Each structure stands twice: as structure tokens, then as C-alpha cells.
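Novice: Sequence and predicted structure below; questions after.
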Amino acid sequence: MPNTVLIGAQWGDEGKGKVVDVLARDADVVVRYQGGSNAGHTLEIGSERFVLHLVPSGVLYPEKLCIIGNGVVVDPLELKSEIEALMARGISLEGRFWVSDRAHAVLPYHRRQDAAREQRARPGQRLGTTQRGIGPAYADKAHRTGLRMGEFCRPGWEAKVQMRAEESGCIDGAEMVATLREAAAFLAPFIGDTTARLHEEWRRGRTILFEGAQGTMLDVDHGTYPFVTSSNATAGGASTGTGLPPRAIERVVGVIKCYTTRVGEGPFPTELKDETGDLLRRRGREFGATTGRPRRCGWFDAVVARYAAAVNGVDYWALTKLDVLDECETIRVCVAYECDGRRLDRVPADAETLARCQPVYEEFPGWKTCTSGVRQYEDLPRPARAYVDVLCRLTGVPLGLLSVGPDRASTFRLAI
């Protein structure tokens, strides 16, 4: 397998964790390159269900090297809890899991700042964040006042943490040090120079899978700003978030649902606030892995998908949740927008303009047949295959992988 970046091509929650789990079979290294514990990847292996927030999804393969890169912001308390939960289920991370010493830490006061900002925001200005402290941690990084994970491996980190806490004005410094002391000692053996380690693996010809979080439309530069996350969730973030050069990346796989969802506030042209939206939510189990919030659901947006394909240079689609549409008599696909009397074939940069956009739909017949037991593409109902072909044609990207259910067996690889 070539070195591959796996990105979300919508507003996140596309099923990236599951696709990472499938592709990780052929990878030697799985590295997470951006985001924080505001992302959740859900994996179903047989009768077991795993929800990961920081640890790369490849951890479920015992021989894989898993790395949290410098572009991630790491909550030490969350990470300790996640590692302990994995160990309790018999999954060892010793000698195969590393956290970049350059990754910035999410501290308890970041959470308080995040929650306070959402509470102060006027109606219409709330971002709908997870309130996990991700934005404030990235803000401190940009302000050059953040604390990096490598600090926890050196004497004197307590004084730096206490100073940051007191500067924040929202938490007692001694209290925060006491809260972090156990986690710092627990995580110290896992923290190191992951950039050097990744370059070593690359020189040895080892295959690297770059695991992104969130989705293209939540990218801080290319998403529906300001209703976005605080990092680069697009393919370009894989290089800056790991320290490997762009030429180390050989392929981009975009993960995309057969319909569209988003969590939080912001424009969503194909959103369905009716029984069909409820059907998609129920059948797709569309509730956030991190917060449990119900996701907003809508028809497939080919305008968004084309944009994501262009921004990321997507080589193949990993198309998920086809089975969710099994009960639909007719399926609609947004092929363009209408806004202020004009037809738009591109996603406007301005969120206010996007909020005024009305979808232009084309309709396709459903298949009214259960597909969740299908294990080969050729065995899908003819209308289901026709629908998949339409999505690939409208977006200009070939199909590489298709999923018709939540477990490993329901995902079959085609071109990747």
C-alpha cells in the first residue's frame, strides 16, 4: 500500500475510524496528524465496540506502530483515560505508541475558556463546539504561550503549568498542577521525538497511513468559517502535523457518506428537518461519538464533495453507509446551488452566502432492499450500484472502498 492520507470529505463523522481500521491491515505505521479529543472514531470488531478520541484507530492491530503527531492538541487527562481503557480490554501499547513532544497540551483552563465563550456568544454566533478546549489550546499555540507535551518529561513543568493557570484567570494554579501530576507521570514514557521516528520509518520503506479527524468542511482555512474546527483537517495538514515532507504522501483517500451530516452550528444546504431526516438519523445511528449530540442529516451534496476532492486531491472515495438508504423510495442528490437568482456550482467562501443557498436536486430511484448483508459489490441491487456510479460521476472520483454496515466484514475494498 502506498503512503496514504485519509481525510473526511464532508463535515466530519463520515466513518473515518472504520476505514482506517480496514486500511491499517496493509500499513506499518498509523499517525494522527491534527485535531484533539473533540473527534471520535467508532469501531465495531465482532461484538466489541471501541470509541477512540486521540489514539489512532490502527491501535486495534497489535503489531502496528501508532503515533500522535505534533499537529494534534492533546488533553493529558483524556489520553491517560483512553490508554487505560484500552489496556483494560487487553490492548497493549507498550513499545508501539508514541506522542509527539511537539504536540501542544490541552489544559483544564482551556476547557473552561471554551465553555465560557459558548455561553457568552449571542444567538446565531455560537459555534456549537464540543467544549473540550480545542480552540483555546490552538489559540495559545498561535499566541506562542502554549505548553507542549515534551514539557512533562522535564523537571520544572509544574511551575510553567501554574504560571499558565494563573495567567488564564479561571483556575487555581496549584489545583491544576495537582490534577495533572498523575497523568504527566503516566504519559511521560510515551512522549518522544515522533518526527525523527517517522522519518526513520519512511527511510526504511515502511508504509504510513495518515489519519485525519473532522472533515474538509470543518477545516479552519477551507471550511465553512467561522463554523469550523481550529486545525487543518484537509490533506495538507498531514505534512505540517507530522513533520514528514509532502513527497512522503503518495495517495489521498476521501471518506464520504452516501448522504450528508453535520454536528454543531453553521450552514447546511441539504439539511432535512422532516421524517426523511429522522429516518437517516435513526438508521445511521447519527449521534456524536464525542458528545452524543444528534447529527443534522440531509441528502448527498455533490457540490461539497467536488470541492473536497479538489482541495485534497482525492484519488479514491471510501463510500460509507450505503445501507442507511435501503428504505428510501426516492433518493435526491444536490448537484448545484441557487442563491440570489444565480446558479452556483462551487461552495462559496462566505458562510452567510452559503446559508442562503438552496439545493438544486436530481432524483434517483431507491432499491428498497436490505444491503447490510452484501459482501461483494456485484451482489448489490442494480439501483444501488447505479446510485454509487452517479456519485462517482458527479464528483469525478472513482470508488475505492464501499461500506454497507458498521463492522469490518461489511466493508469491501475495490480499487484500494
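Specialist: Ah, there it is. Numbering: from 1, shown residues only.

Novice: make it CA atoms for all contacts and neighbour counts henceforth
Specialist: Noted.

Novice: Low-confidence ranges, the protein, go.
Specialist: Within the chain, the stretches with pLDDT under 70 are 121-126, 128, 289-291.

Novice: Apply 50 and report the result again.
Specialist: Applying pLDDT under 50 to the chain flags no residue at all.

Novice: Centre of the chain to the biggest strand by length in it, how far?
Specialist: The longest strand of the chain (DSSP state E) is strand 330-339. Its chain's C-alpha centre and that of strand 330-339 lie 25 Å apart, by C-alpha atoms, centre = their mean, to the nearest Å.

Novice: can you give me the offset of the following helix or strand past that strand from its chain's centre?
Specialist: Next helix or strand after strand 330-339 toward the C-terminus (DSSP states H and E): strand 342-344. Here the centre of strand 342-344 is set off from its chain's centre by 30 Å, with C-alpha atoms, centre = their mean.

Novice: What strands flank strand 342-344, and is each parallel or antiparallel?
Specialist: Sheet pairing of strand 342-344 (DSSP bridges) gives strand 330-339 (antiparallel).

Novice: Other residues contacting the strand it pairs with?
Specialist: Outside of strand 330-339, the residues that reach it under the criterion C-alpha atoms under 8 Å, 6 or more residues apart in numbering are 270, 299-303, 325, 343-346, 353, 356-366, 394.

Novice: Repeat the analysis, applying 6 Å as the threshold.
Specialist: If you take C-alpha atoms under 6 Å, 6 or more residues apart in numbering as the criterion, strand 330-339 is touched by 299-303, 343-345, 357-366.

Novice: Name whatever forms a beta bridge with residue 32.
Specialist: Note on residue 32: beta-bridge partners by DSSP bridges are residue 68, residue 211.

Novice: how much space is there between residue 196 and residue 239?
Specialist: Applying C-alpha to C-alpha, to the nearest Å, the value for residue 196 to residue 239 is 14 Å.

Novice: scratch that, residue 86
Specialist: According to C-alpha to C-alpha, residue 86 stands 28 Å off from residue 239.

Novice: now do residue 272
Specialist: The value you get for residue 272 to residue 239, if C-alpha to C-alpha is used, is 36 Å.

Novice: buried residues in stretch 168-188?
Specialist: 171, 173, 176-177, 180, 183-184, 186-188 (16 or more other C-alpha atoms under 10 Å).

Novice: Generate JSON lines for the residues you listed, with secondary structure and distance to residue 282 as supplementary columns.
Specialist: Output for the buried residues of stretch 168-188, formatted as JSON lines (DSSP: H, G, I helix; E, B strand; the rest coil; distance: C-alpha to C-alpha, whole Å):
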{"residue": "171", "secondary structure": "coil", "distance to residue 282": "40"}
{"residue": "173", "secondary structure": "helix", "distance to residue 282": "45"}
{"residue": "176", "secondary structure": "helix", "distance to residue 282": "41"}
{"residue": "177", "secondary structure": "helix", "distance to residue 282": "43"}
{"residue": "180", "secondary structure": "helix", "distance to residue 282": "39"}
{"residue": "183", "secondary structure": "helix", "distance to residue 282": "38"}
{"residue": "184", "secondary structure": "helix", "distance to residue 282": "40"}
{"residue": "186", "secondary structure": "helix", "distance to residue 282": "40"}
{"residue": "187", "secondary structure": "helix", "distance to residue 282": "38"}
{"residue": "188", "secondary structure": "helix", "distance to residue 282": "42"}
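
Novice: Pick out the most distant pair among those.
Specialist: Farthest-apart pair in the buried residues of stretch 168-188 is 171 and 188; separation 24.0 Å (C-alpha to C-alpha).

Novice: need the contact list for the closest residue to residue 416 other than its chain neighbours.
Specialist: Nearest non-adjacent residue to residue 416, counting by C-alpha to C-alpha, 6 or more residues apart in numbering: residue 400, 5.1 Å away. Residues in contact with residue 400 (C-alpha under 6 Å, 6+ apart) are 316-318, 414-416.

Novice: Pull out the buried residues from the strand or helix carrying residue 400.
Specialist: Using DSSP H and E, residue 400 sits within strand 399-403. Neighbour-count burial for strand 399-403 flags 399-403 (criterion: 16+ other C-alpha under 10 Å).

Novice: what pairs with that strand, and is each one parallel or antiparallel?
Specialist: strand 316-320 (parallel), strand 411-413 (antiparallel).

Novice: Burial check on the spatially closest residue to residue 353 that is not a sequence neighbour, number of neighbours?
Specialist: Leaving aside its sequence neighbours, residue 353 sits nearest to residue 339 (C-alpha to C-alpha, 6+ apart; 7.6 Å). As a burial measure, residue 339 scores 14 neighbours (other C-alpha atoms under 10 Å).

Novice: One more: residue 201?
Specialist: When neighbours are counted by other C-alpha under 10 Å, residue 201 comes out with 16.

Novice: What of residue 61?
Specialist: Neighbour tally, residue 61, other C-alpha under 10 Å: 13.

Novice: And the host helix or strand of residue 392, what's buried?
Specialist: Following DSSP H and E, one finds residue 392 within helix 382-395. For helix 382-395, burial by neighbour count (16+ other C-alpha under 10 Å) applies to 384, 387-388, 391-392, 394-395.
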